[in-house]
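S.K.: got a sequence here, can you build the structure:
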Amino acid sequence: MVIGGSVGEIGGTKMGGGAGMITEWKDIPMELLLRIVSLVDDRMVIVASGVCTGWRDAISWGLTQLSLSWCKNNMNNLVLSLSPKFAKLQTLILRQDKPQLEDNAVETIASYCHDLQDLDLSKSFKLSDSSLFALAHGCPNLTKLNISGCSAFSDTALAYLAGFCRKLKYLNLCGCVKAASDKALKAIGNNCNQLQALSLGWCEKVGDAGVTSLAYGCPNLRALDLCGCVLITDDSVIALANNCLRLRSLGLYYCQNITDRAMYSLAHSRVKNKHGIWKSVKNNRYEEEGLMNLNISQCTALTPPAVQAVCDSFPALHTCSGRHSLIISGCLSLTSVHCPCAVQAHRPASALLHPAH
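M.R.: Reported below is the predicted structural model:
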């Protein structure tokens with residue numbers, strides 16, 4: 001494609017001076033322009049939107065995904081400028097290496113991007129509760145929100161957001177030490193019953209009351225990271241085992257109040273869920289059932305029989321080399337726990353031979 005020449009070719013469409021030909025860039029059909037835009041990176045999309053009003057309007061109408069994570073110095077002003085233009089966005093990634101975003105940028109997003117479903121604001125240390133209040137009112141269709149590392153948010157603002165953004169399925173609160181509390185988790189449990197994945201890593205205010213509310217209010221929960229939530233006890237795990245039968249991944253790293261009682265409740269949940277497993281097989285919708293990842297590193301109160309019971313109950317949990325999905329590092333007393341394939345690998349070759357008689 002020759003931009004400055006008299007004749008070029010884009011996707012088979014000639015550009016020249018003849019009748020019915022495209023003579024200027026602004027005359028490119030919208031479908032062709034959107035096809036071109038889909039092939040370039042996000043920076044070029046922004047440049048293209050400034051060529052003329054026709055291009056700006058076409059891109060504004062057709063653009064649904066945008067990432068500005070490449071912007072290292074001026075992201076806040078860029079968001080203020082682009083949000084009114086790209087009002088049809090459904091996915092917006094604003095991950096930062098250093099904090100740039102301020103509340104006025106998020107408020108602008110909430111004012112224009114009402115179709116937004118996926119928003120990443122991770123490491124936005126400058127944001128305050130005003131941002132969450134704005135999102136609650138302006139972006140009620142959010143299904144995925146990453147505010148990990150946003151340490152200034154309060155639990156009051158997070159609870160308020162949960163009351164409006166009831167379609168949330170994926171929520172990352174890792175490091176949100178003020179926002180992630182039992183008060184906020186109760187609001188999430190009461191309002192966000194479609195939630196499937198929640199990260200609460202190193203949220204030290206989270207306790208049994210909050211996790212229990214989640215377990216009862218979010219039965220479709222499939223992944224829960226509680227690593228470093230030092231206040232939780234067996235009661236949290238028991239509530240999850242009894243109510244979240246679709247749970248596939250559970251992180252309990254450094255949850256040192258967890259004991260064998262919690263492990264046996266997980267093992268028992270497998271038996272409790274057998275009817276659901278056979279129903280899935282019968283309807284040809286079978287998928288791997290039960291826990292597929294469990295991190296109990298540094299849970300030093302656990303004993304081998306209890307952890308072995310969990311490993312035996314869930315075939316997808318592995319301790320063997322290359323497939324570690326049952327993570328027990330830092331628990332020296334658990335070195336005897338092995339999955340079936342690890343046991344098979346350690347058998348002597350002679351035990352595997354069946355000589356004919």
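S.K.: if I look at residue 56, how far off is residue 83?
M.R.: 14 Å (Cβ to Cβ, to the nearest Å). Quick note: C-beta positions are derived from backbone N, CA and C, even for glycine.
S.K.: looking at those two, which is more packed in?
M.R.: A count of neighbours by other Cβ atoms under 10 Å puts residue 83 above the other of residue 56 and residue 83, at 22 against 15.
S.K.: return the residues in contact with the more buried one.
M.R.: Going by Cβ atoms under 8 Å, 6 or more residues apart in numbering, residue 83 touches 105, 108-109, 111-113.
S.K.: top of the residues you listed by number of neighbours, please.
M.R.: Going by other Cβ under 10 Å, residue 109 tops these with 29 neighbours.
S.K.: what about that residue, helix or strand, and which?
M.R.: helix 103-112 (DSSP states H and E).
S.K.: do the same with residue 151
M.R.: Applying DSSP H and E, one finds residue 151 in no helix or strand.
S.K.: then residue 271?
M.R.: helix 260-272.
S.K.: list the contacts of that helix.
M.R.: Under Cβ under 8 Å, 6+ apart, the answer for helix 260-272 is 234, 236-238, 241-242, 245, 250, 290-291, 294, 301-303, 305-307, 309-310, 312-314.
S.K.: what does stretch 174-189 give?
M.R.: 147-160, 162-163, 168, 171, 173, 195, 198-207, 209-211, 213-218, 225.
S.K.: now render the contacts of residue 83 as a markdown table, adding pLDDT.
M.R.: Formatted as a markdown table, the contacts of residue 83 follow (pLDDT from 0 to 100):
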| residue | pLDDT |
| --- | --- |
| 105 | 98 |
| 108 | 98 |
| 109 | 98 |
| 111 | 98 |
| 112 | 98 |
| 113 | 98 |
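S.K.: let me know the closest of the residues you listed to residue 141.
M.R.: residue 113 (9.9 Å; Cβ to Cβ).
S.K.: phi first, then psi, for that closest one.
M.R.: For residue 113, the backbone dihedrals (degrees, to the nearest 10) come out as phi -100, psi 70.
S.K.: measure it to residue 80 for me?
M.R.: Taking Cβ to Cβ, one finds residue 113 at 13 Å from residue 80.
S.K.: same question, residue 144
M.R.: From residue 144 across to residue 80, the span is 23 Å (Cβ to Cβ).
S.K.: likewise for residue 267?
M.R.: Distance from residue 267 to residue 80, by Cβ to Cβ: 53 Å.
S.K.: please apply the same query to residue 131.
M.R.: Distance from residue 131 to residue 80, by Cβ to Cβ: 14 Å.
S.K.: of the two, who's got more company?
M.R.: A count of neighbours by other Cβ under 10 Å puts residue 131 above the other of residue 131 and residue 80, at 27 against 15.
S.K.: is that one in a helix, a strand, or coil?
M.R.: The three-state label given to residue 131 by DSSP: H, G, I helix; E, B strand; the rest coil is helix.
S.K.: check residue 145 too.
M.R.: Strictly by three-state DSSP, residue 145 counts as strand.
S.K.: can I assume residue 99 is in contact with residue 124?
M.R.: Yes. Under the criterion of Cβ atoms under 8 Å, residue 99 makes contact with residue 124 at 6.2 Å.
S.K.: okay, the two: which has more neighbours?
M.R.: The neighbour comparison of residue 99 against residue 124 (other Cβ under 10 Å) goes to residue 124, with 28 against 15.
S.K.: from residue 46, how far out is that one?
M.R.: Distance from residue 124 to residue 46, by Cβ to Cβ: 20 Å.
S.K.: ok, residue 123 next?
M.R.: Counting by Cβ to Cβ - residue 123 and residue 46 are separated by 22 Å.
S.K.: mind checking which of these two has more residues around it?
M.R.: Neighbour count, other Cβ under 10 Å: between residue 123 and residue 46, residue 123 has more, with 22 against 19.
S.K.: output stretch 132-145 as CSV, nothing but the C-alphas.
M.R.: Extracted as CSV, the C-alpha positions of stretch 132-145 are listed here (Å, rounded to 0.1, in the frame of the first residue of the first chain):
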residue,chain,number,x,y,z
LEU,A,132,-15.2,2.6,42.4
PHE,A,133,-18.2,4.7,43.0
ALA,A,134,-18.1,6.0,39.4
LEU,A,135,-17.7,2.4,38.0
ALA,A,136,-20.7,1.3,40.1
HIS,A,137,-22.9,3.8,38.4
GLY,A,138,-21.4,3.9,34.9
CYS,A,139,-20.3,0.3,34.2
PRO,A,140,-23.0,-2.1,35.6
ASN,A,141,-22.2,-4.7,33.0
LEU,A,142,-18.7,-5.5,34.2
THR,A,143,-18.0,-9.2,34.3
LYS,A,144,-14.3,-9.0,34.9
LEU,A,145,-12.5,-6.5,37.1
